[in-house]
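sequence and computational prediction follow.
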Amino acid sequence: MNEPRPQRPPRPDEDLERFHNGDTLDNIPIITVRPRVRQWKPALTAVVAGLVLLASGYALVAHPKGSSHADNEHPSSPASKKATPTVTVTTQVTHATSPTPTPTPSGEPPASPSALAEPSCINVRFKLPTGPQSCEPKSAICELGSPMYLPTIDNLCGPSPIARVYIPTIDAVERGGCLALKSTNWATATAEYKGSLAPAAECAAFIDVTETEAGAPIVFCQQTYPDTRATFLAAITTPSGTTSACLTANNGA
């Protein structure tokens, strides 16, 4: 009688496979175990594909098709790729020029502002607004005793100064008295007192009033010819003292 041939013992991996299949007996067919499909593999594949697409898009943006071969071989640093704006500054120097004077109808250019401010003479009238007209320099209009009429004389000349008159030959003067001027002007003058009966031709000025008649020192004189300097305030000094008075220059008829 033939004895059954003894079977080799199962290998450890075969025994483990049988155990997992529930086959712990001999002569039971072995069921091959199929590997499980991992559920995360499709998702991983999609993520990898997305990353590849992003990388391809970045490469197209960073290196467009129009780039030269030299740029691909020798890429420059990011700082060197930034375009540095060039600013050109142009300085324009403008030289101030004097405006060209507009010619007058006669063909001559008008006078400069400085010439207009200080004319050589000013149109005035003699004593009255209806008096004879003439053109006089400012000094002749503004001097004490001047008979030149100008409505804006105060603006032109400013306040009238006080005349300083010295009379060495008499101690007192009175209203109506005649003064003969012995100096060139009335600002600081020396005069001779001739009284009230002297001929007018000998008189440079007449005394209108003194502080003795006024009863107080005089500080203002009423103009005999308004808007002129014909009448002026004077401080008359004699050997006996000083008195204030109003004088009117004798400028003829």
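Cool, the structure landed. The model shown is predicted, which means the values in this text are computed figures rather than measured ones.

and Val52, its phi and psi?
Taking degrees, to the nearest 10, you get phi -60, psi -40 for the backbone angles of Val52.

from Ile141, how far out is it?
106 Å (C-beta to C-beta, to the nearest Å). No exception for glycine: its C-beta is placed from N, CA and C like everyone else's.

now for Ser160, how many residues are close by?
17 (other C-beta atoms under 10 Å).

what sits against it?
By C-beta atoms under 8 Å, 6 or more residues apart in numbering, Ser160 lies in contact with 144, 229, 232-233.

tell me the two of these that are most distant?
For these, the farthest-apart pair by C-beta to C-beta is Arg229 and Leu233; their separation is 11.0 Å.

who has more neighbours, these two?
For Arg229 versus Leu233, neighbours defined as other C-beta under 10 Å are more numerous around Arg229 (22 against 17).

doesn't Cys157 make contact with that one?
Yes - with contact defined as C-beta atoms under 8 Å, Arg229 reaches Cys157; the gap is 7.2 Å.

what touches both of those two?
Both Arg229 and Cys157 are in contact with 141-142, where contact means C-beta under 8 Å, 6+ apart.

name the surrounding residues that touch stretch 131-141.
Here stretch 131-141 makes contact (C-beta under 8 Å, 6+ apart) with 118, 120-126, 146, 148-150, 153, 156-157, 229.

burial count for Ala187?
15.

can you say which helix or strand has Asn155 in it?
helix 153-157 (DSSP states H and E).

quick check: buried residues in stretch 231-247?
231-236, 238, 243-247 (16 or more other C-beta atoms under 10 Å).

narrow these to those in strands?
Among those, the ones falling in strands (DSSP state E) are 231-236, 238, 243-247.

ok, Ile162 - how many residues close by?
16.

actually Ala201, not the one I typed
7.

wait, what's in contact with it?
Per C-beta under 8 Å, 6+ apart, neighbours of Ala201: none.

same thing with Pro199?
Contacts of Pro199 (C-beta under 8 Å, 6+ apart): none.
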